[in-house]
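Trainee: What follows is a protein structure lacking sequence information:
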Ligand SMILES: CC(C)(COP(=O)(O)OP(=O)(O)OC[C@H]1O[C@@H](n2cnc3c(N)ncnc32)[C@H](O)[C@@H]1OP(=O)(O)O)[C@@H](O)C(=O)NCCC(=O)NCCS
């Protein structure tokens, strides 16, 4: 059915409010709208949105540093989960990363989603993920 057809494409600026709403509902920061606006130029090439009937059904944020594509902030609209949209967004990103000559795709995953990525052939590389928190001046 045409109205159920999924479309995958890079985000455009007018998608940002819906992306922010979806990310916040999925438990990401509730200042997502501001952060997306600031980072949009760096995100727009490799990120993926999934649309059904022109409505946002999923988002996957990603960037490329010339070697690896880095993905984070993956969310599928709750009523659409389990229907393959997450897997299809990863597949679309892998295709785009291959076209760009990337060596691999690195994901920053919640513990609860590690099984999802392992189903898609991601491996644990034996490296650790370190973070230096930034204290904002007040
Ligand atoms: C994790 C998430 C993106 C998965 O998207 P989805 O569209 O529901 O996943 P898919 O339907 O494409 O699932 C693909 C496969 O992974 C499995 N899977 C999905 N979520 C899983 C999870 N959390 N753990 C283990 N396996 C999972 C599915 O059962 C399916 O397996 P199958 O191919 O054998 O049928 C979605 O559940 C979500 O938005 N969660 C909240 C936000 C989140 O946790 N994001 C990821 C961390 S950044």
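Mentor: Everything's here; your move. Owing to the predicted nature of the structure, the values given are computational and were not obtained by experimental measurement.
Trainee: tell me, what residue is most central in this protein?
Mentor: Central residue of the chain (Cα atoms, centre = their mean): residue 60, 1.5 Å from the mean position.
Trainee: give the contact list for that one.
Mentor: Residue 60 makes contact with 47-49, 71, 73-74, 86, 89-90, 93 under the criterion Cβ atoms under 8 Å, 6 or more residues apart in numbering. In short, each C-beta sits where N, CA and C put it, glycine included.
Trainee: That one pairs with what?
Mentor: Counting by DSSP bridges, residue 60 is bridged to residue 48, residue 74.
Trainee: Likewise for residue 55?
Mentor: Residues in a beta bridge with residue 55, per DSSP bridges, are residue 52.
Trainee: got the contacts of residue 60 as TSV, with pLDDT columns?
Mentor: Below are those laid out as TSV (pLDDT from 0 to 100):
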residue	pLDDT
47	98
48	98
49	98
71	98
73	97
74	98
86	98
89	98
90	98
93	98
